[in-house]
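> Just need the structure, nothing else, for what follows:
(chains A and B)
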Amino acid sequence: MNAEQDAGLALDAVVRRGGFQLTIAFQVAPGEVLGVLGPNGAGKSTLLRALAGLTPISAGRITLDGHLLDDVASGTFVEAAGRPVGLVFQNYRLFPHLSVLDNVAFAARAAGHDRARSRRAARQWIDRLDLRRLSDRRPAQLSGGESQRVALARALAREPALLLLDEPLSALDARTRLDVQAELRRHLSEYPGPCVLVTHDPLEALVLADRLVVIEDGAVVQQGTPAEVTRRPATEYVAKLVGLNLYAGHTEGYEVVLADGGTFVMAEYVSASDVLVAVRPSAVVVSTQRPSGTSVRNTWPGVVSGLTMLAERVRLDIAGQPSVVADVTAAAVADLKLAAGAQVWMSVKATDLEVYQHTADGTVTSPADG
Amino acid sequence: MTRKLAPTRLTAGERARRATIGGGARGAPAALLAPALVAVVFLLLPLLGLLVRAPWGRLGSILSEPDVLQALELSLWTATAATAVALMVGVPLAWLLARASFPGLRLLRALVTLPLVLPPVVGGVALLLAFGREGIVGKYLDQWFGLTIPFSPLAVVMAETFVAMPFLIITVEGALRTADQGFEEAAATLGASRMTVFRRVTLPMVGPSLAAGAVLCWARALGEFGATITFAGSFPGRTETMPIAIYYALETDPDAAVALSLVLLLVSVAVLVALRDRWLRSSVAT
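Next up is the predicted model:
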C-alpha cells in the first residue's frame, strides 16, 4: 500500500501537542472504522485535530481520497473549513444558541444555502437519526445520548468524505452508553467513507472499530483486529486494558523463561526465541495447598497482595514468580479464606497459555508463522 | 464540668434562612456597619434632594418647552448614533483585540481604553486638535471639502463616541476572550468561513455582552458633557445636549435644571434595570 492510493485516508505524520509528540502512520479504507486506542494525554485528540485541519502536523503528510490535506515537505495545507471532514467532538460542541434542527442545518447554511433549503436538507438527517421529536429543542435541553446523536447528525449532514469521532461515548453515563453504543455502531456501518475513532476506553474501541491502532508513549505499539489485540496484547499497557496477564520471555525447549522470573511450560514446541505469553485471569486456578496428582503443568506458589471486587468475581493480585492476576468467585474467597498475605498456589494449564511474537511494526504473529 | 454558653433566640424565619442559605449570624460588626451607612447616605442623599426639590407641579410644562424637547431629542439621537458607530467599528476592534496577535497589541489595547480614564474635557481638546478647523485632519477636511466639524451635531456624535466606545469595546472584548472557542472550531469543521463563524457563532454567543456593552455605551454617551461642550460647544438645538442644557439651566431656571435631571435619572434607572442580570445579579451570584 502506498500513500498515494486513491480511496480512503492515509496518514504518516508526527503530531505535536505541547511537549508531547506522537509518531503515527495508518491507512483507513472507505467504510472501515479505525479505532485509535491510547492513554489520556497521548495526543489522540491532537491526531483528530490534525486530520480535521484544526492543528497542522509537524512532519509527514495526510491524504484523503488521493488529495493532499496536509504536507509538511511541500507546505500544502487545506484549512479546516475546506476539508470534507466531519468531526464529532468529545463534548459535542453543539451551538447553544441554535435549535437541534439549525445545528444540523449549520453546514448547509455555512455552504451558502438559504435557511429553508438548509433546513430541508437537515430534516433528512434528523429523520435518519431519529431526532424529529427533538428538532425544536436547544442543546441545553438534551440528554447526553441525544446530544451525541445530534452531533453525529450535524457532522454527517456535511456529507463528509472522512468521519472523525473523539471519545464518542465517554461523556455518557454507563446506562445510556450501551444504547448509544449499539446505535452508533449501526450508523457507523452505514457510513460509506473512512472513519477514525479515538478513545482510551478499550470496550468502546472493541465494539465500534474494525481495526485497532494502539498508541503508547508517542508511538504505535500494536495494530490489528480487535480480536487479535484482545487475545494477544503486545505490551503491558494493552494487556492491562484488555485484562490479561502478560509476560515477556525467551524459549528454552518446551519452556519459556520469563524475563521477570519464573518459567512456563508450553503445550507445544515453539521455534521463535523471544516470545510473549498471555494468560487470562480466569484461567488461573488458585488453591491453598500445593496441587498434587494434577495434569496441570504450571504450578507455583505466591502470596495474595490485593483483592478487588469485580461484578461477579473477585480479582486477586498474587505476588510470586511470576506475579499474576487471578479471577475467582466470591464463594471461593470465602471458602479458602483468601485475605491479603495468604499463601496460595497458582496453576495454569499449558494449553491456556497464549504464546506469540511481537514485531516492531506493531503486529503480532504466531511463532509458528515466524 | 460547667461551661458557660451564651444562648440567643433564633426566630423561625432566621432559622429557615440559615438552613437554606447557610452561614451563621447575619449581624455586621459596628466598625463596618457605621462607615457603610455613611457611604449609603452620601450616595443616596443627593438623589433624594433631587426628588424633594423637583418642581412636581410644573414638571409637565417645563418638559414640554420647545428648547427642552430640542435638547432631549438631540441627546437621544446623538447617543443612539454614537452607539451605532461604536457597534460598527468597536465590535470588530474588540474581536481583533481578543483574537488577533500582532506586535503592539497590548499597547493598542491600553490606548483604545484610555478614554475610559481620560478626563472628558481632555478628550474634547484632543478632538479639537485633530478635527478642528486648524486640526491635523480637520484642516484638510476644511480646505478640500469645506467640511467643518467642530460645533456641529456631528461633533456631538464624535465626542460621545470617543468617550463611550471604550465601554462597548472592553465589554465585548472580555466576552470574546472568555467565550469557548471550541464552538468556533466546530463551525470551521462544518465548512464555515471565518466571517461566517463570526456572524453565525461568535456574535450570537456574545450577544448578551454585546447588548450590555451597547446599553452601557449609550448611557455613557447620553450623559457626556466635558468632551461635548469642548468640541461641539452649546448651541441650543444644534449641539446643546441634555447635560449641557441642565448646566446652563441651573443659572437661569433652576427648576428646569432639576426637571431635566430627573429625566436623566429616570433613564439611568432604566439602564440599570436593563442590565440587572449582568451587573446586579452576577455580584450576588454564588
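
> which stretches of the chain aren't confidently modelled?
Let's take chain A. Applying pLDDT under 70 to chain A flags residues A:1-5, A:360-362, A:366-370.

> actually chain B
The model of chain B has pLDDT under 70 over residues B:1, B:22-27, B:277-286.

> Chain A contacts on that one?
B:182-183, B:185-194, B:196, B:200-201, B:204-205, B:207 (C-beta under 8 Å from any C-beta of the partner chain). For the C-beta atoms, the positions are set from N, CA and C on the backbone; glycine is no exception.

> Now which of those residues would you call buried?
The neighbour count (16 or more other C-beta atoms under 10 Å in any protein chain shown) marks B:183, B:185-193, B:196, B:200-201, B:205 as buried among those.

> Correct me if wrong: A:Gln357 contacts A:Ser271.
No: using C-beta atoms under 8 Å, A:Gln357 is not in contact with A:Ser271; the gap is 10.1 Å.

> Compare these two and say which one has the larger neighbour count.
A:Gln357 (20 against 8; other C-beta atoms under 10 Å in any protein chain shown).

> SS state for the more buried one?
Assigned with DSSP: H, G, I helix; E, B strand; the rest coil, A:Gln357 falls in the strand class.

> does it have beta-bridge partners, and which?
Bridge pairing for A:Gln357 (DSSP bridges) gives the partners A:Thr365.

> on that earlier part again, please flag which of the residues of chain B next to chain A sit within helices.
Among the residues of chain B next to chain A, the ones falling in helices (DSSP state H) are B:182-183, B:185-189, B:194, B:196, B:204-205, B:207.

> Next, give me the two most distant ones among those.
Spatially, the most separated pair among those is B:Thr189 and B:Gly207, at 22.7 Å (C-beta to C-beta).

> would you list every one of the helices in chain A?
Here chain A has its helices, by DSSP H, at A:44-52, A:100-104, A:106-110, A:115-128, A:144-156, A:174-190, A:202-208, A:226-231, A:236-242, A:330-336.

> so where's the longest strand in chain A?
In terms of residue count, the longest strand belonging to chain A (DSSP state E) is strand A:298-309.

> quick one: buried residues of that one?
A:298-300, A:302, A:304, A:307.

> Redo those as CSV? Include distance to A:Thr23.
Putting the buried residues of strand A:298-309 into CSV (distance: C-beta to C-beta, whole Å) gives the following:
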residue, distance to A:Thr23
A:Asn298, 38
A:Thr299, 43
A:Trp300, 39
A:Gly302, 39
A:Val304, 41
A:Leu307, 40
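
> show me what contacts A:Ser287?
If a contact means C-beta atoms under 8 Å, 6 or more residues apart in numbering or on different chains, then A:Ser287 has A:336, A:344-345, A:347 as its contacts.

> Leaving out chain neighbours, which residue sits closest to residue 109?
All of this is about chain A. In this structure, A:Arg109 finds its nearest non-sequential neighbour in A:Ser118, 4.7 Å apart by C-beta to C-beta, 6 or more residues apart in numbering or on different chains.

> um, chain B though
Using C-beta to C-beta, 6+ apart and skipping residues adjacent in sequence, the residue nearest B:Arg109 is B:Leu97, 5.1 Å away.

> distance of B:Gly226 from chain A?
Noted for B:Gly226: a distance of 39 Å to chain A, by C-beta to the nearest C-beta, to the nearest Å.

> Quick check: buried residues in the longest helix seen in chain B?
Secondary structure assigned by DSSP H gives helix B:153-178 as the longest helix of chain B. Residues of helix B:153-178 classed as buried by neighbour count (16+ other C-beta under 10 Å): B:153-173, B:175-176.

> From the chain's centroid, how far away is it?
Centre-to-centre, helix B:153-178 and its host chain are 9 Å apart (C-alpha atoms, centre = their mean, to the nearest Å).

> rewinding a little: quick check: the farthest pair among the buried ones among the residues of chain B next to chain A?
Comparing all pairs in those by C-beta to C-beta, the longest separation belongs to B:Gly191 and B:Met205, at 18.6 Å.

> May I have the phi/psi pair for A:Pro56?
Phi and psi for A:Pro56, reported as degrees, to the nearest 10, are phi -70, psi 150.

> Thought B:Ala94 was touching B:Leu108, still the case?
No: judged on C-beta under 8 Å, B:Leu108 makes no contact with B:Ala94 at a distance of 11.8 Å.
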